[in-house]
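Participant: what shape does this take:
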Amino acid sequence: MGLAEKLQGLVPEMDMNTAKNYCGNDDMILQIAVSSYCEQDFTGDLQKYFDAKDVPNYQIIIHGIKSTSLTIGLTDLSEKAKALEMACKENNVAYIEENHAPVLALYTDILGRLKSAL
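Facilitator: Just a heads-up that it's a prediction; the model follows:
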């Protein structure tokens, strides 16, 4: 079983067509991208900036999650992170407060499953 198939089984949220497109249909590049994604675990920083109500730094971290998630085909997570990023730009603290926990939980869950695939 190749990496793409293993990932698809463990992380069905991954759009493998998107992931492969970003990785040039190269399994080795996909593995590097997923490994890098897992190593860049932003959960601690995201929670720290949320707790501190530090919207500018929260925006930087959520932007990173948005971009890197899209690169490996996590389109739904990327869209949810994008909505949080836009809320930061608009200083919509209520939206951030309402959506932080579910997005963080999804991100943490996916990270765990990705790490188990590597």
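Participant: only C-alpha atoms from now on, for both contacts and neighbour counts.
Facilitator: OK.
Participant: Gly9 - how many residues pack around it?
Facilitator: Gly9: 13 surrounding residues under other C-alpha atoms under 10 Å.
Participant: next one: Gln31
Facilitator: The tally of other residues near Gln31 (other C-alpha under 10 Å) stands at 18.
Participant: how close does it sit to Asp109?
Facilitator: Gln31 sits 19 Å away from Asp109, taking C-alpha to C-alpha, to the nearest Å as the criterion.
Participant: my guess is Ala33 meets Ile72, correct?
Facilitator: Yes: taking contacts as C-alpha atoms under 8 Å, Ala33 lies within contact range of Ile72: 6.8 Å.
Participant: any shared contact partners between these two?
Facilitator: The contact sets of Ala33 and Ile72 overlap at Cys23 (C-alpha atoms under 8 Å, 6 or more residues apart in numbering).
Participant: tell me what the helix or strand of the chain with the lowest mean pLDDT is packed against?
Facilitator: Among the helices and strands of the chain, helix 3-10 carries the lowest confidence by mean pLDDT, DSSP states H and E, at a mean of 84. Identification of packing neighbours for helix 3-10 by 3 or more C-alpha pairs under 8 Å, 6 or more residues apart in numbering; DSSP states H and E yields helix 27-39, helix 93-117.
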